[in-house]
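# Sequence first, predicted model second:
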Amino acid sequence: MLAAAAVASRQRLCVAFSGGADSTTLLHLLARLRPRFGFDLCAAHVHHALSPNADAWLDFCARQCAALGVTFQPFREQVARHHPAGLEAAARDVRHAALARVACDWLVFGHHQDDQAETLLFRLLRGAGVRGAAAMAAIEPGSPGRLRPLLGVRRADIRAFAQAASLEWIEDESNADPRHARNFLRHHVFPLLGEAFPGAVPALARASGHFREADGLLGDLAALDYAACGGSPWLRDRLLMLSDERVRNLLRWRIRQMGCEAPARARLVEAVRQLRATHAPLYLPLGTAACCTYRDRLWLEPQRDGAPEQPVPWRQEPALCWGAGVVRFEPVTGAGIGRGALQRAVDVALVPRWPGLMLRQDSGRPRRSFKNLCQEAGIPAWLRPRLPVLRVDGEAAWIGEIGVAAEFRCGQGEAGLLPVWQR
Ligand SMILES: Nc1ncnc2c1ncn2[C@@H]1O[C@H](COP(=O)(O)OP(=O)(O)OP(=O)(O)O)[C@@H](O)[C@H]1O
């Protein structure tokens, strides 16, 4: 497995070391393999301060590492007692956050085949989709990546090996607590299942492999659909030519890519229904992301906290970042903002709308308020605070989705710059 993950000489491997039988066996095995592969080995233990034995466990882990000549990195963390998902989940979040701080190429976990089967059943009982049912991967590339070399090995075989090798390990008393749903499955459901289905654990682990493959294919399909819809922002009509299932698959994939929390299925079903029902601009919260539609385009963005964008000074750059998008300044002739006016100006910046903002769209017509301009252009209220405004010495020269102010528009044959807002 180390070869499959292309673990190279001098790469840094860090064992996530709880001190239990699995990670202790893992640490001893990797310490033995060190000379053959030439990797650097260290171990990290997270002290959650939840058990009265937590100090003793940390000491045990430190001693084991010292005996094996392995660098030891302890983390003392506080776990919030009132996590909405429960204490176990809170401890896991804290643990993973601490381990992510280790400077290494790979974090190596002691998960085994019984863990995989329990994870799959546990997730299915909570209504997991294909992604959740794929459970854990043996190799997860990343920075650091994650390895689970024992994922194909049964728990009993690891224990038998540890006993035969006279290894010492600690027993976490919380593993016996049936109030934890995972422990209930481990101690009550799996022994019963094993009586009627002796191959239940390897079969469930195999099933998670099938789900993993299917999940990869769904990702490939989403990537194809993403490109076919014109990338982000998508062409709304092109997207809505896809079946509901494919639209939901694409939205889910993109939300995950953005690092946002995926929404519940019911929420996605409702979002697609609304997208098909109206051509009006929409702002649909989806998990921690939001799906926005305006005119012929549709895009996803992280849900916002309502804070306005910060001003971005313009110093002749061809493009400036604005929110999750960009404003490009395209050279044009006889259109856009006259270059001369921009070069003479002292203060040019992209800013959000300001109170009392006015703009004259056509010479000969009066200046109109930002609100009036937005109403006339059909710009929905949720989009207005995000419109970029190019402010030139205190005056609005251009507003995204609305256009260039008459006073700044360049004359025929004159060189100009046309700001183009890409979300
Ligand atoms: N306190 C800890 N410090 C460092 N690593 C740990 C700690 N607890 C668990 N691990 C690592 O996580 C692996 C799985 O442990 P366990 O089954 O208790 O956790 P889990 O909650 O089921 O898994 P996960 O942490 O991946 O969600 C262990 O084999 C070990 O590699």
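Arrived safely, thanks for sending.
# what does the stretch 1-150 of the chain have sitting close to the ligand?
Contact residues (CB under 6 Å from any ligand atom) of the stretch 1-150 of the chain with the ligand: 16-18, 22-23, 44-46, 92, 95, 109-111, 115. Yep, even glycine has a C-beta here, placed from its N, CA and C like the rest.
# Those in helices, which ones?
22-23, 92, 95, 115 (DSSP state H).
# Any buried residues in stretch 284-292, and which?
Judged by neighbour count (16 or more other CB atoms under 10 Å), stretch 284-292 contains these buried residues: 284, 286-287, 289-292.
# Near the residue in the stretch 151-300 of the chain that the ligand sits nearest to, how many other residues are there?
Residue nearest to the ligand within the stretch 151-300 of the chain (CB to the nearest ligand atom): Arg182, separated by 6.5 Å. The burial count assigned to Arg182 is 15, neighbours taken as other CB atoms under 10 Å.
# part of a strand, is it?
No. Counting by DSSP: H, G, I helix; E, B strand; the rest coil, Arg182 is not part of a strand but helix.
# burial measure for Asp115, as a count.
Using other CB under 10 Å, the number of residues around Asp115 comes to 22.
# ditto for Ala262
Residues lying near Ala262 (other CB under 10 Å) number 19.
# Who are the contact partners of it?
If you count contacts by CB atoms under 8 Å, 6 or more residues apart in numbering, Ala262 has them with 131, 252, 255-256, 287.
# The same query, at a cut-off of 10 Å, please.
With contacts defined as CB atoms under 10 Å, 6 or more residues apart in numbering, the neighbours of Ala262 are 129, 131-132, 251-253, 255-256, 268, 286-289.
# same deal with Gly152?
By CB under 10 Å, 6+ apart, Gly152 lies in contact with 1, 112-113, 116, 138, 202, 205, 209.
# cool, and Ala117?
By CB under 10 Å, 6+ apart, the residues touching Ala117 are 135, 154-155, 185-186, 190, 193, 200-208.
# confidence score at the nearest residue to Thr71 once chain neighbours are set aside?
Closest residue to Thr71 apart from its sequence neighbours, by CB to CB, 6 or more residues apart in numbering: Cys42 at 4.0 Å. pLDDT for Cys42: 97.
# and what of Asp172?
pLDDT, Asp172: 86.
# That one: how many residues sit nearby?
Considering only other CB under 10 Å, Asp172 is surrounded by 16 other residues.
# what separates the nearest residue to it once chain neighbours are set aside from His112, distance-wise?
Nearest residue to Asp172, sequence neighbours excluded (CB to CB, 6+ apart): Gly20, at 6.1 Å. For Gly20, the distance to His112 equals 11 Å [CB to CB, to the nearest Å].
# buried sites along stretch 172-184?
Neighbour-count burial for stretch 172-184 flags 172, 174, 180, 183 (criterion: 16+ other CB under 10 Å).
# ok, now stretch 388-398?
Residues of stretch 388-398 classed as buried by neighbour count (16+ other CB under 10 Å): 388-392, 396-398.
# Intersect those residues with the contacts of the ligand.
Among the buried residues of stretch 388-398, no residue sits close to the ligand (CB under 6 Å from any ligand atom).
# returning to that earlier point: only the buried subset of the contacts of Ala117, as a PyMOL command please.
Here is the PyMOL command that selects the buried residues among those (16+ other CB under 10 Å):
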select buried, resi 135+154+155+185+186+190+193+200+201+204+205+207+208
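# Which ones among the contacts of Ala117 map onto strands?
Counting by DSSP state E, the contacts of Ala117 place none of their members in strands.
# How about Phe408, nearest residue that isn't a chain neighbour?
Using CB to CB, 6+ apart, the closest residue to Phe408 is Ala397 (4.1 Å).
# Could you give the separation of the one helix or strand the one you found maps to from the chain centroid?
Taking DSSP states H and E as the definition, Ala397 sits inside strand 395-399. Relative to its chain's centre, strand 395-399 lies at 36 Å (CA atoms, centre = their mean, to the nearest Å).
# what do you get for stretch 150-166?
34 Å.
# same deal with stretch 351-370?
How far stretch 351-370 lies from its chain's middle: 39 Å, per CA atoms, centre = their mean.
# May I have that stretch as PDB, with CA atoms only?
Output of stretch 351-370 as PDB, limited to C-alpha atoms (Å, rounded to 0.1, in the frame of the first residue of the first chain):
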ATOM      1  CA  VAL A 351     -16.300  50.100  -4.200                       C
ATOM      2  CA  PRO A 352     -19.700  48.900  -3.200                       C
ATOM      3  CA  ARG A 353     -22.700  51.300  -3.600                       C
ATOM      4  CA  TRP A 354     -22.800  54.300  -1.200                       C
ATOM      5  CA  PRO A 355     -25.700  56.300   0.200                       C
ATOM      6  CA  GLY A 356     -26.800  58.900  -2.300                       C
ATOM      7  CA  LEU A 357     -25.100  57.200  -5.200                       C
ATOM      8  CA  MET A 358     -26.400  58.700  -8.600                       C
ATOM      9  CA  LEU A 359     -25.500  58.000 -12.200                       C
ATOM     10  CA  ARG A 360     -26.600  59.500 -15.500                       C
ATOM     11  CA  GLN A 361     -27.000  56.800 -18.200                       C
ATOM     12  CA  ASP A 362     -27.600  59.200 -21.100                       C
ATOM     13  CA  SER A 363     -26.500  62.800 -21.600                       C
ATOM     14  CA  GLY A 364     -29.600  64.900 -21.700                       C
ATOM     15  CA  ARG A 365     -31.400  62.700 -19.200                       C
ATOM     16  CA  PRO A 366     -31.300  63.400 -15.400                       C
ATOM     17  CA  ARG A 367     -29.100  61.600 -12.900                       C
ATOM     18  CA  ARG A 368     -30.900  58.700 -11.300                       C
ATOM     19  CA  SER A 369     -30.500  57.100  -7.900                       C
ATOM     20  CA  PHE A 370     -28.900  53.700  -7.500                       C
END
